[in-house]
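Colleague: sequence below, structure please.
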Amino acid sequence: MRDVAERAGVAVVTVSRVVNGTGTVREETVDRVVAAINATGYQRNEIARSLRPGQNSMTVGLLLGDLTNPFYASLAKAAVEVANLAGYAVLLSTADEDPDVERRAVSELIGRRVAGLIIVPDQGDHAFLNEVNAHDHVPIVFVDRPATGAEADVVVVDNEGGGAAATQHLVDHGHRRVAILVAPSYYTTGRRLRGYRKALRRSGIPVDEDLVVTLRRGTADAASAAT
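Modeller: Got it, this is the predicted structure:
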């Protein structure tokens, strides 16, 4: 920053204001500082910045499940796009539905002083978040399904409504033997199954349990074989 300040003919504090977007700096001064930044190749050290009192990291942690699942790939892409628009980077990690791996990943992300955490939780107890996040108080949002043992905002789709709408669509087209394939009992698939049952009951069609197929694994191959 001293090199940038010297090249632009300004004080170091002025460079800091331009880099961090704080305070008021005249437009022509901003232009000189930006030109000096480009000429020197200066890059802000986010780790050092996050260690300063009152400073926030510009990185969001994203903890997902199985990355071979296209759903998680699309979720990651969306998170990165929105974070970038706000000037944030995204640090990606995966737990693959393993509670021990998930806990280590969360601890590591919080240790990197991320500004916030987006987590697709596994099925285990998430009370550990109250312990590992007791000091840093990193904001946490759960995605796709809620977690037990920890309070945080949750962003989910209407799985029950989706299961009901899909079932009703087939019933409206005259079908009466409607099968449903569900992955192992995660929150999302359980809600979809509930919607399926409700739609059939509303239409006066008894649920045939032989047509409710629980897959051993929630993969495309398993679904194809069951179909």
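Colleague: show me the helices in the protein, by range?
Modeller: Ranges of helices in the chain, per DSSP state H, are 2-8, 12-20, 27-40, 46-51, 70-85, 99-111, 128-132, 159-172, 187-202, 220-226.
Colleague: chain center to the first one, what's the gap?
Modeller: So that's helix 2-8. For helix 2-8, the separation from the chain centroid amounts to 39 Å (computed by CA atoms, centre = their mean, to the nearest Å).
Colleague: now residue 180: how far from residue 167?
Modeller: 8 Å (CB to CB, to the nearest Å). Where you see a C-beta, it was placed from the backbone N, CA and C, and this is true even at glycine.
Colleague: before we move on, what about residue 213?
Modeller: From residue 213 to residue 167 the distance is 14 Å (CB to CB).
Colleague: and those two? Which one has more around it.
Modeller: Neighbour count, other CB atoms under 10 Å: between residue 213 and residue 167, residue 167 has more, with 23 against 14.
Colleague: my guess is that one contacts residue 200, does it?
Modeller: Yes. In this structure, residue 167 is within contact of residue 200 by CB atoms under 8 Å, at 6.3 Å.
Colleague: now do the shared contacts for these two.
Modeller: Both residue 167 and residue 200 are contacted by residue 178, under the criterion CB atoms under 8 Å, 6 or more residues apart in numbering.
Colleague: tell me, what residue is most central in this structure?
Modeller: Nearest residue to the geometric centre of the chain (CA atoms, centre = their mean): residue 118, 3.7 Å.
Colleague: excluding residues flanking it in the chain, which one is nearest it?
Modeller: Distances taken as CB to CB, 6 or more residues apart in numbering put residue 62 closest to residue 118, at 4.9 Å, once the chain neighbours are dropped.
Colleague: that neighbour contacts residue 115, correct?
Modeller: No. Using CB under 8 Å, residue 62 is not in contact with residue 115, being 11.8 Å away.
Colleague: more neighbours, the two?
Modeller: Ranked by neighbour count (other CB under 10 Å), residue 62 and residue 115 place residue 62 first, with 24 against 17.
Colleague: okay, now the unreliable bits of this protein?
Modeller: By pLDDT under 70, the weakly predicted segments of the chain are 43-56, 185.
Colleague: run the last query once more with 80
Modeller: Residues of the chain meeting the criterion pLDDT under 80: 20-23, 41-57, 66-69, 96-97, 123-124, 136, 184-186, 218.
Colleague: most distant residue from the middle of it?
Modeller: Of all residues in the chain, residue 9 has its C-alpha farthest from the mean position, at 42.8 Å, by CA atoms, centre = their mean.
Colleague: what sits against it?
Modeller: residue 32.
Colleague: over to residue 42?
Modeller: Neighbour list for residue 42: 1, 3-4, 36 [criterion: CB under 8 Å, 6+ apart].
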